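Undergrad: The sequence isn't on hand, but the structure is:
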C-alpha cells in the first residue's frame, strides 16, 4: 500500500545545457499544468 504526504515545496533540477526557451517552456508547464493538478492556485 502506498502512502503520500503533503509537502509545501518541490525542487526540480534542470541541466545547464538547456536553451532559455526550454527553461521558459518547462517552468510555464509546471506553473500552468502541473501546479493546478496538484491543487496549487495563484496567490
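TA: Noted; the coordinates are in hand. Owing to the predicted nature of the structure, the values given are computational and were not obtained by experimental measurement. Residues are numbered from 1 along each chain as shown.

Undergrad: okay, CA-based contacts and neighbour counts for the rest of this
TA: Will do.

Undergrad: what's the distance between the spatially most central residue of the chain and residue 3?
TA: Nearest to the mean C-alpha position of the chain, counting by C-alpha atoms, centre = their mean, stands residue 30 at 3.7 Å. From residue 30 over to residue 3 the distance is 23 Å, taken as C-alpha to C-alpha, to the nearest Å.

Undergrad: Same check on residue 29?
TA: 26 Å.

Undergrad: So which of those two has more stuff around it?
TA: Counted by other C-alpha atoms under 10 Å, residue 29 and residue 3 do not tie: residue 29 has more neighbours, with 12 against 4.

Undergrad: helices and strands around the one helix or strand that one maps to, which ones?
TA: Applying DSSP states H and E as the criterion places residue 29 in helix 20-29. Here helix 20-29 touches no other helix or strand, going by 3 or more C-alpha pairs under 8 Å, 6 or more residues apart in numbering; DSSP states H and E.

Undergrad: Report the rounded mean pLDDT for that helix.
TA: The average pLDDT within helix 20-29 is 94.

Undergrad: Tell me the buried residues in that helix?
TA: Under the neighbour-count criterion of 16 or more other C-alpha atoms under 10 Å, helix 20-29 has nothing buried.

Undergrad: contacting residues around that helix?
TA: Applying C-alpha atoms under 8 Å, 6 or more residues apart in numbering, helix 20-29 has no contact partners.

Undergrad: After that helix, which helix or strand is next?
TA: Going down the chain from helix 20-29, the next helix or strand is helix 35-37, by DSSP H and E.

Undergrad: contacts for that following helix?
TA: Residues lying outside helix 35-37 but in contact with it, judged by C-alpha under 8 Å, 6+ apart, are residue 41.

Undergrad: what pLDDT, on average, does that helix get?
TA: 86.

Undergrad: swap in stretch 9-16?
TA: The average pLDDT within stretch 9-16 is 87.

Undergrad: end-to-end on it?
TA: Where stretch 9-16 begins and where it ends lie 22 Å apart, using C-alpha to C-alpha.

Undergrad: for stretch 6-23, same thing?
TA: So stretch 6-23: terminal residues 26 Å apart, C-alpha to C-alpha.
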